[in-house]
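*Asks:* Sequence and predicted model, in that order:
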Amino acid sequence: MRAIILEGFGDTQNLVLAEIPKPFVNELEVLVKVKAISINPVDAKTRKGKALAGKLEHENPIILGWDIAGVITETGNQVNNFKVGDEVFGMVNFPGHGKAYAEYVAAPANHLAKKPANISFKEAAAGTLAALTAWQALVHHAKIKAGNRVLIHAASGGVGHFAGQIAKQFGAYVIGTSSAKNRDFVLSLGADMHVDYQEQPFESVVNEIDIVLDTIGGDYIDRSLEVLKPGGTIVSIVSGSNELVTEKASSKGIKGIRMLVQSSGEDMQSLALLFEKGLLKAHVSKTYPLEGIADAHLEIESGRTVGKLVVVP
């Protein structure tokens, strides 16, 4: 099968197209013929030697990627919730070795959900790591409920564009930050208010917030703490620039949480239900072939991606 091998941490030129054997599956895994792969910032950070590089440095070969959608071609002998021919999607083995940049992926069955028939493989792949991050941040960590005022930074990005939609499903009042050019997109996802971060500091027009989803880190944490209610919650997903969020929040009577998304078939099923009902939509802004994955990395590193980037093997 074709796969993208990472030949050492560094530039995109280290992403090399290779022919390798199809993976074997153990008794709890399924073999997925991949129809679409989603690209995330963590992919590029890991490629450069940061993020999850420490977990993968002794693997040979290193195959990046965690988000897949495809068709099951083989099942382990202890898998009873999926069968050959099922269309599935999920985030595989995160944080670990997902090996998603390939035509076939061996995936733990409990990391997957069945793909709703009303969404494409590209949309399904897009609705994995980013959507799971938004779901786990808001539902598990922030305990979102109806009436909450929720501030989502980078509301037009991968995680952000899912977070706004999910928050609305819980009956929250949603405020999204983005550049002016993405205002209409953010509002189209259900946001009640948009703030152009380039035009004015969000803290000058936003207050009494119950939940902040921080996708940026750095001084956004300090500024977000100024608009949160006492007893509010900030969930920060930006590893490396959010180490002090818990301490800073605690000093102001606010709950500060650093989170790293985890693979979960149960959460994927919750997302699948929203997709199936048309209550959650994945915005795919660009699609690349497998041999164009370096270009996808460069695009995700720009920090200007609207929605999601998808690779089709």
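*Replies:* Yep, it's here.
*Asks:* Just give the number of residues close to the closest residue to residue 221 other than its chain neighbours.
*Replies:* The shortest distance from residue 221 to any non-neighbouring residue, by Cβ to Cβ, 6 or more residues apart in numbering, is to residue 245 (5.2 Å). Where you see a C-beta, it was placed from the backbone N, CA and C, and this is true even at glycine. If you count neighbours by other Cβ atoms under 10 Å, residue 245 ends up with 24.
*Asks:* Repeat that for residue 257.
*Replies:* Based on other Cβ under 10 Å, the number of other residues close to residue 257 is 18.
*Asks:* Next: the one 5 residues further on.
*Replies:* Under the neighbour criterion other Cβ under 10 Å, residue 262 is assigned a count of 14.
*Asks:* And for residue 111?
*Replies:* Neighbours of residue 111 using other Cβ under 10 Å come to 25.
*Asks:* In this structure it contacts residue 91, no?
*Replies:* Yes - between residue 111 and residue 91 there is a contact under Cβ atoms under 8 Å: 6.6 Å.
*Asks:* Overlap in contacts, these two.
*Replies:* 263, 268 (Cβ atoms under 8 Å, 6 or more residues apart in numbering).
*Asks:* can you pull the contacts of the residue nearest to residue 221?
*Replies:* The neighbours of residue 245, taking Cβ under 8 Å, 6+ apart as the test, are 214, 221, 234, 236, 256, 257, 258.
*Asks:* Those residues: which two are farthest apart?
*Replies:* 221 and 257 (11.4 Å; Cβ to Cβ).
*Asks:* which residues are in contact with both of these two?
*Replies:* 234, 236, 245.
*Asks:* Looking at those residues, which is nearest residue 265?
*Replies:* For those, the nearest to residue 265 is residue 236 (25.4 Å; Cβ to Cβ).
*Asks:* number of nearby residues for that closest one?
*Replies:* 27.
*Asks:* any idea of the pLDDT on it?
*Replies:* With respect to pLDDT, residue 236 scores 95.
*Asks:* Does it touch residue 255 like I think?
*Replies:* No - Residue 236 is not in contact with residue 255 according to Cβ under 8 Å; the separation is 11.4 Å.
*Asks:* a markdown table please, covering the shared contacts of residue 221 and residue 257 and showing distance to residue 69 and secondary structure.
*Replies:* Rendered in a markdown table, the data for the shared contacts of residue 221 and residue 257 read as follows (distance: Cβ to Cβ, whole Å; DSSP: H, G, I helix; E, B strand; the rest coil):
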| residue | distance to residue 69 | secondary structure |
| --- | --- | --- |
| 234 | 32 | strand |
| 236 | 28 | strand |
| 245 | 32 | helix |
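*Asks:* all strands of the stretch 151-300 of the chain, in order?
*Replies:* 173-178, 193-196, 209-214, 228-236, 255-258, 284-289 (DSSP state E, counting those that start in this stretch).
*Asks:* got the buried residues for the last one?
*Replies:* By 16 or more other Cβ atoms under 10 Å, the buried positions in strand 284-289 come out as 284, 285, 286, 288.
*Asks:* residues in contact with the third one?
*Replies:* Residue 286 makes contact with 296, 299, 305, 309, 310, according to Cβ under 8 Å, 6+ apart.
*Asks:* host element of the third one?
*Replies:* Right, residue 305. For residue 305, there is no enclosing helix or strand under DSSP states H and E.
*Asks:* Next, it: phi, psi?
*Replies:* Main-chain dihedrals, residue 305, degrees, to the nearest 10: phi -70, psi 130.
*Asks:* State the number of residues packed around it.
*Replies:* Neighbour tally, residue 305, other Cβ under 10 Å: 22.
*Asks:* That one touches residue 283, doesn't it?
*Replies:* No - applying Cβ under 8 Å, one finds residue 305 not in contact with residue 283, separated by 10.0 Å.
*Asks:* Run a quick check on residue 55 versus residue 97, I expect a contact.
*Replies:* Yes - judged on Cβ under 8 Å, residue 55 makes contact with residue 97 at a distance of 7.4 Å.
*Asks:* more crowded one of those two?
*Replies:* Legend: neighbour count by other Cβ under 10 Å for residue 55 and residue 97, higher for residue 97 (17 against 12).
*Asks:* What is the burial count for the closest residue to residue 34 other than its chain neighbours?
*Replies:* Leaving out its chain neighbours, the residue that sits closest to residue 34 by Cβ to Cβ, 6+ apart is residue 70, at 4.3 Å. Using other Cβ under 10 Å, residue 70 is surrounded by 29 other residues.
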